[in-house]
Every structure is written in C-alpha cells, then in structure tokens.
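In: quick check, what structure comes out for this input:
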Amino acid sequence: MSAHELMLAAAAGAVSLAISAVLWAFAQRRAADRRIAGLKARIRQLEAGAETAQASAEAFDSALLAVEDGHALLASGEDSLNVCCEALGLSEHDPQYLLNALMRADPDHARRLRGLFERGEAVAFEVKGPAGVVTVEGRAAGALAWLRVSAVLGEDQGLPTAPRFAAFLNSRTCPAWLAAADGSPIWVNAAWLKAVDASSLDEAAQRGAAFDRGVDAIASEAANMGQRREALRWLSFGGRRRAFQITAQPLEGGGVGVWTDDLTDLEEAREETKRNVEAHDETLNRLDDAVVIFDRSKRLSFHNTAFAELWGLEPAWLTERPTHGEILDRLRQRRRLPETADYAKWKASELDRYEKLEQQPDDMWSTPDGRTLRVVRQPHPMGGLLLLFADITGELKMKAQFNALIQVQQATLDKLSDAVAVFGSDGRLRLHNESFERFWNITPLQIEAAGDFEGVVELCVPKLHDMVFWKDLKGRVADPDPAARMPITGEAQTSDDRTVEYRTRPLPDGATLVAFTDVTDARRLESALADREQALSEAERLKRDFVGNVSYELRTPLTTIIGYSELLEHSGDSLSERARGYAGAVKSAATQLARSIDDVLDMAQIDADEMALDLAQVNVSELLIETAVRWKPEAEQAKVSIVMQPSDAVGAIRGDRRRLSQILDHLMENAIGQTPAGGTVTLSARKAVGEVQLQVADTGRGIPFHVQAHIFDRFIGRERGGPGLGLALVKALTELHGGWVALESEPGAGAKFTCHLPEVATAVSQPELGFAS
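Out: Numbering: from 1, shown residues only. Okay, here's the model as predicted:
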C-alpha cells in the first residue's frame, strides 16, 4: 500500500475515532444529566425529610445529635439543645460540650455511652442538673450513633418518661395494665402476662386469655361512667387462691388504668383476727365472771351472758347498745349499785376513767343485796374500756372460814405438848407451835430470822449434834421423790440427856410435818414396867408351877380317899348304915374336891394360853343325851326333872367333845343345885342364823340382878360352897371355841344360860369351827 493510501486510511480512522468520541461524550453527558437530576431530586427529598425531622424534633422539644468517632453534631432541635444545656447549667450551647457533660455526669452513663459508640448498644437514662432533668435515648444506625435529648424544667422535671414508667410497672409483682373502654387490655406488665401464662399481649389476645373477666367488667364500668371503681376479688394466682384489691381509674385522653394489690396476707390476717375475736368473745361468754366492753364513744360493744345475769338486765335492751351512763342509771334505779351520797359525782368519776390510759387499781363494790364485787378496769386495745365484775362474796366467806380454820389449827398446835413444825417442799418453814420453841429453847424472833430448814437446823444443832440425822431429815423434807418422803419414826439422844422421838409425815400439799416428843420419862417408865412385867411373868410361872405341884400332890391322896370310900361303901353288912353314909359323904366331898382341882388346872392352862382343843365332829343330839344320862342320878337325888328338847335338826358341830361336855356339866351342876325339889331343868340346842345355841334352863329361884353382872367372874361364892370357878370356866371354854355365853334370869323365875357357838367361827389359836347337817 502507497504512502498516500496509508495517509488516507489514517485520516479516515482519525475521523472515525473523533466521531466515536463525540458520540460517547454526548452519551455520557446525557447520563450525567440524568444522574444530576436524580441527585437533585434526592437532595430535595432529603431536605424535605430533614425539615420534617427538624420540625418534628422541635415540635416535641427534643434535639437530635449525630455522633461519629466521639464527635457530636447537631442534626436538629437547636432550641431544644439550648434548653438541655441550660438544664445542666452549661455555659456553652454546643453539641460536643453537651456530650462531654453527659459523660461526666455519672460513671454509669459514661459506660453506657461508650457501649453505644463502640458496640451499638441502645441506651436510655436521665441526668439531673441544677435547673432540670435531661432525658437521653441512644440508638446506633450504620457508622453513626444517634442521641435524642430532651429537657424537663419546672414542676414536670420529676415525672418519668413513658419507657421508664413502663419499666417501673413491669417491676411490680402484681398485675397492672391499661384497658380500653370495653375493658380489654391494650398494655400489660410482666406480672399480667405471667398470670395468664402468655409471652405477649398479642398471644394472650389470640388465646382469649384474661386476668379476670370480672376485673375487665370493672374497668369497662369505670371507663363508661368516668369514675374510679374499686373491688376486692379472690382469684387463682401463682397456684393458689389470693385476694386482690382492684382499682380502675379513668385516664385523661381515654382508657383506664387498672392497678392490683395482693391483699391475701391482709385478708387472711383480717379473717384470722375475726375468728380470734369471735373465739375471744366465746371464751368470755363462758366465764363465770361478768365482762363488758365499751367502745370509744362509751357505748356497749360486747357483754357476756354472766354480765346480764349478774345485774339482771334484759338481753333485748342490751342489744340496743346503750351507753355506759345509761346502764349505770338503770342499775341505780333498781338499787343494784353501791350506795353513795353523791351519785352524780360518782357517775362522773366512773365515766372519766375512759380518759386514763394507765392501769387502774381494782375496786370493791358492796351492793345493797349483800354481795361483794371485785371490779377490774383496763383500757381496751381497740379503744374504750373493759370492765370485769367478779362476785367474790363466797370467796370472802371462804377466806374468812379459812383464816378462822388456820387460827384454830394454830391454837390447836400450840396446845399440843409435841414440838411440831411444817416445812414446804421448798424447805421454807410454814408453821410451828409454841412447844417447838420451848423444846429447842429458841425464841420466835430466831425462828422468823431462820426462815428455812437450814436456818432451823442451825438453831437446833446445839441440842442435837448428829448432822447425819439432820441430813436424812432434810431429804424427807426437800426431796421430791415420793419414796424419800415416806413417813418415818425414830429416836435420838440430845446433849441434855433427853430421849427424843421424831416423826415425819408427808402432807397432801407437798409439805412435810416434823414432830418431836420428849419420851425420856416414858422410856424410863417403860423400863420399869418391863422389869415389873418380867417379875410378874416369873411370879405367874411360879404360880403355875405351884398350882401344878399342889394339884398333883392333892390328886394322889384324893384318889386314895375316893378308892377307900368306895370300898367301904360297898363292903356290905360289915358296916352299919351310918358308917356307909359317912363313907358316901367322904366320897362325894373327895370327888367335888377333885373336880375343883381340875377346874383350877384348866383355868390356869387357859390363862397361860396353853390349852389346845381336840377338834372333831361332835353330834349335838348325842352330846345332850350323854349329858342328861350323866346327871340323871344327881337330879333324882335332888328330886329335879331333866327335860330334853328335840335337837336332831341341829346336826353336828366341829369342836372339842370333852370341853363341850365340860361346859354342859358345869351348867347342869349349877342348874340342879339352884333348882328346888319338884323343879325342872331343860337341856336343849337349836340352830340360829350363823350359829348353834346350847341352852340349859332351870325353874329355880333365879339370880339377883346385882349378882348377874359378876356371875361369870372367878371365885364368886355360891350358897352350896366351892371355889366358884364353874361358870367362869364355862365362859372361858365357850370363848375358846370362838363363841360367847348369855344369861337370862329374873329373881324367882329361874335362869337360862345360852352358849352361842358361831357357825363359821375362829377359835382362839385353833382352826375355825364348822357345822354339818
């Protein structure tokens, strides 16, 4: 290709490039114009928004600060910025100056602001300045941190912001919320959500949950009527039934604020107090003492049944709650009050007691009907006055009787020769007599100064030195163990050679009686009596030995005499009739003497308690027949008839056959001897209630009354001679069987002796008697 072509080609390319550049330039210009137009529109929009934000910020008295890298710029609200600076007392109205003041106001505020600037953490707090309060709210947006500050001056500076007030309501443990006119909640605190078990109000609304439909109705009523409403509701909260005080207050601008307070403890305490008051009233109503309570206005508020009965007041009238003065007037009209010369003054003094708060002394009233009343007054805790009337008439009477009894007791103790002292369980000396003072040679003043057991022992030790004795005696007085307080009796020797007998006796009230007796003379007398008793015993033994020896010595010749007299009596014709009569008389006298000797020996054995009964079954009928046969010759010789009465129904008796025969022999001997010729002796037996009776009756001359009292005594002489031991031995042998002897006689009408032998008897030193039918 030629150079010219090359040049043409280069020129053509340059022209094409130029045209392309121009076209590109036109295209770029159009695009730039479009961008400029869009930016201008955006600027106008931003300016409008900024003006709107500025206007809104200034409309709500707040300033908006933009903070980047710690530098603050005012975005809007210059007037509000100036107000905030004035509230904090700043001399310069500059955003940076304000930010620095906020950082210096409180370390906690500085920490929060750094968290906002560095980590984008939202903040909200208040700063109190000398002229007002500045509220700060901060949020992060991109690389900038935005602070909205507002100031509250004057009276409104103490009011919290809405977020702070909402936080305060959220901290309450009881539900609180704002409700619409229909009662439905529009804002609730955390306690409300917890009560309905919801995480938010929207969730609760979707579920149709409510704290209480009745409370919603109360809120709706308050909104519609424009008046505050209050009510107490028992609701289920936190798993238990609780009492809430509901307060619904209409708010300015519409809506109702609902506030709840948990009064469960207060209501339960009120119910408990009510029950306690009712129980207290019931308790007072059961008292025997009259109780009446007047309130602050001096009007009757309570009385028990005893009050109406004591004063005879009508219950219907008392239910009208009369005043204290009215009750006094009615009682005076019925002459129930104590007599007084100036009733008006006395009544005024009674009513003036309402003004006295201190404890008042008890008073005593003597009423015209002879009663004595103790009046107790005390201020009532709820205001007013409580009065208690106790009828102590019987108590005073008993006290007077008790004092008289104590005086009689003391006088009685003083008359005793024994030294007596009474010690309480605490060891204090309660009582002593004059003999106690004389016994230990101490004065009343010394005893009064001693006071207790230890002090009394110190006064008595000079007379009785044995401290072991006093220690043991103290145990009897002060030891609470019942075994240690058992009664004891003993003797001790004093320093003045007296023999002292001491005795302790526990008393029912826990006290202990201690008595001391001087038995020196008694012990000497006992010693002398013991010596005499020993001498008498020795003399008795000698007497028994003498009687036994003499009886033995007499039996031998008597046996010989009786034997030879019988031999002579039966010798036939070798002796004359007179001689045989003499021999019979000798035999009769010897036999009588032998029987008397046997009686003396038997009586001696009984006196010495040496006679033993040979007990066996004895047929009473056979016993009587044998006795009648045995005494038939003597009866025929005396021309006396023996009559036997049937005794088969009596049966058998357990006794000594020989001794029972001996009893009947002596009775028969006495009856035949006292019955004249032609008379009758009756021998009988019969069974009575619990006993068997053996009877011997005669038709003789009887026994004089003055002799009957001693008929069973020993050695009572009889007209026909002898030692007179027969009837005494009858009595002794009957008593030895556990029975007794009775005599029925009148002079000239005979005599009847009855031996009563018990059916179930206890013989002296012998087994019991028994009977068999």
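In: so where do the strands sit in the stretch 501-650 of the chain?
Out: Counting by DSSP state E, counting those that start in this stretch, the stretch 501-650 of the chain forms strands over residues 512-518, 615-619, 641-644, given from the N-terminal end onward.
In: an error on my part: the question was meant for the stretch 51-200 of the chain.
Out: Counting by DSSP E, counting those that start in this stretch, the stretch 51-200 of the chain has these strands, from start to end: 62-68, 71-76, 123-128, 132-141, 144-153, 176-179, 185-188.
In: got a list of what Arg42 touches?
Out: When contacts are counted by CB atoms under 8 Å, 6 or more residues apart in numbering, Arg42 is found next to no other residue. C-beta: built from backbone N, CA, C; applies to glycine.
In: revised request: answer the last question for Val477.
Out: Residues touching Val477, when contacts are defined by CB under 8 Å, 6+ apart, comprise Phe423, Ser425, Gly427, Phe453, Thr504, Thr512, Val514.
In: how near is the residue nearest to the first one when sequence neighbours are not counted to Phe453?
Out: Take Phe423 and drop its neighbours on the chain: the residue closest to it by CB to CB, 6 or more residues apart in numbering is Val477, 4.7 Å away. Between Val477 and Phe453 the distance, using CB to CB, to the nearest Å, works out to 6 Å.
In: hang on, the earlier thing: mind checking how far the residue nearest to Phe423 is from Ser435?
Out: For Val477, the distance to Ser435 under the criterion CB to CB works out to 19 Å.
In: return the per-residue confidence for the most centrally placed residue in the chain.
Out: To find the centre residue of the chain, average its C-alpha atoms and take the closest one (CA atoms, centre = their mean): that gives Thr283, at 16.9 Å. Thr283 carries a pLDDT value of 81.
In: that one and Glu268, how far apart?
Out: Taking CB to CB as the measure, Thr283 falls 22 Å from Glu268.
In: find the residues that touch each one of Val477 and Phe453.
Out: Shared contacts of Val477 and Phe453, defined by CB under 8 Å, 6+ apart, comprise Phe423, Gly427.
In: what number of residues are in the vicinity of the closest residue to Pro758 other than its chain neighbours?
Out: Spatial nearest neighbour of Pro758, excluding adjacent residues (CB to CB, 6+ apart): Glu691 at 5.0 Å. By the other CB atoms under 10 Å criterion, the neighbourhood of Glu691 contains 19 residues.
In: who's in contact with Glu691?
Out: Listed by CB under 8 Å, 6+ apart, the contact partners of Glu691 are Gly739, His756, Leu757, Pro758, Glu759.
In: burial count for Phe223?
Out: Actually, residue 223 is Ala rather than Phe. Residues lying near Ala223 (other CB under 10 Å) number 22.
In: which is the next helix or strand following whichever strand or helix holds it?
Out: With secondary structure defined by DSSP states H and E, Ala223 is part of helix 213-225. Heading C-terminal from helix 213-225, the first helix or strand you meet, by DSSP H and E, is strand 229-237.
In: which other residues reach the helix or strand following that next one?
Out: If you walk from strand 229-237 toward the C-terminus, the next helix or strand you reach (DSSP H and E) is strand 240-250. Taking contacts as CB under 8 Å, 6+ apart, the residues outside strand 240-250 that touch it are 174, 179, 215, 218-219, 221-223, 226-237, 256-264, 266-268.
In: what residues sit buried inside strand 240-250?
Out: By neighbour count, with 16 or more other CB atoms under 10 Å as the criterion, the buried positions of strand 240-250 are Arg242, Ala243, Phe244, Gln245, Ile246, Thr247, Ala248, Gln249, Pro250.
In: which one of the strands of the stretch 51-200 of the chain lies closest to Gln359?
Out: With CB to CB, the closest approach to Gln359 among the strands of the stretch 51-200 of the chain belongs to strand 176-179: 48.1 Å.
In: show me where the stretch 501-650 of the chain has its helices.
Out: With DSSP state H, counting those that start in this stretch as the definition, the stretch 501-650 of the chain shows helices at residue ranges 520-569, 577-607, 620-630, 632-637.
In: can you put the ones you listed in CSV and add distance to Met644, mean pLDDT and mean neighbour count?
Out: Output for the helices of the stretch 501-650 of the chain, formatted as CSV (distance: least, CB to CB, whole Å; pLDDT from 0 to 100; neighbours: other CB atoms under 10 Å):
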stretch, distance to Met644, mean pLDDT, mean neighbour count
helix 520-569, 30, 75, 13
helix 577-607, 24, 71, 16
helix 620-630, 6, 88, 17
helix 632-637, 11, 87, 12
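In: any chance of CSV for those helices, columns distance to Ser91?
Out: What follows is the helices of the stretch 501-650 of the chain, written out as CSV (distance: least, CB to CB, whole Å):
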stretch, distance to Ser91
helix 520-569, 120
helix 577-607, 145
helix 620-630, 151
helix 632-637, 168
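In: out of those, which is closest to Met467?
Out: Across those (criterion: CB to CB), the nearest stretch is helix 520-569, sitting at 22.4 Å.
In: where does the stretch 301-450 of the chain have low pLDDT?
Out: Scanning the stretch 301-450 of the chain with the threshold set as pLDDT under 70 gives no residue ranges.
In: end to end, how far does stretch 84-95 reach?
Out: 10 Å (CA to CA, to the nearest Å).
In: buried stuff in that stretch?
Out: Neighbour-count burial for stretch 84-95 [16+ other CB under 10 Å]: Cys84, Cys85, Glu86, Ala87, Leu88, Leu90, His93, Pro95.
In: pull out the buried residues from stretch 179-186.
Out: Under the neighbour-count criterion of 16+ other CB under 10 Å, stretch 179-186 has Ala179, Gly183, Pro185 buried.
In: please enumerate the helices of the stretch 251-400 of the chain.
Out: Counting by DSSP H, counting those that start in this stretch, the stretch 251-400 of the chain has these helices, from start to end: 264-286, 305-311, 315-318, 324-333, 343-351, 393-415.
In: secondary structure of Phe469: a helix, I assume?
Out: Yes. The assignment for Phe469 is a helix, going by DSSP: H, G, I helix; E, B strand; the rest coil.
In: the helix or strand hosting His666: how far from the chain's middle?
Out: Assigned by DSSP H and E, His666 belongs to helix 657-674. Counting by CA atoms, centre = their mean, to the nearest Å, helix 657-674 is centred 74 Å from the centre of its parent chain.
In: who touches that helix?
Out: By CB under 8 Å, 6+ apart, the surrounding residues in contact with helix 657-674 are 602, 613-614, 616, 618, 623-624, 626-627, 630-631, 634-635, 638, 640, 653, 681, 683, 694, 696-698, 700-701, 718, 720, 726-727, 729-730, 733-734, 736-737, 751, 753, 755.
In: now list the buried members of those.
Out: Taking 16+ other CB under 10 Å as the criterion, what is buried in those is 602, 613, 618, 623-624, 627, 631, 635, 638, 640, 653, 681, 683, 694, 696-698, 700-701, 726-727, 729-730, 733-734, 736-737, 751, 753, 755.
In: any idea of the angle the lengthiest helix in the chain forms with strand 62-68?
Out: Across the chain, the longest stretch assigned as helix under DSSP state H is helix 3-59. Per axes from the mean of the first three to the mean of the last three CA atoms, to 10 degrees, the angle that helix 3-59 makes with strand 62-68 is 140 degrees.
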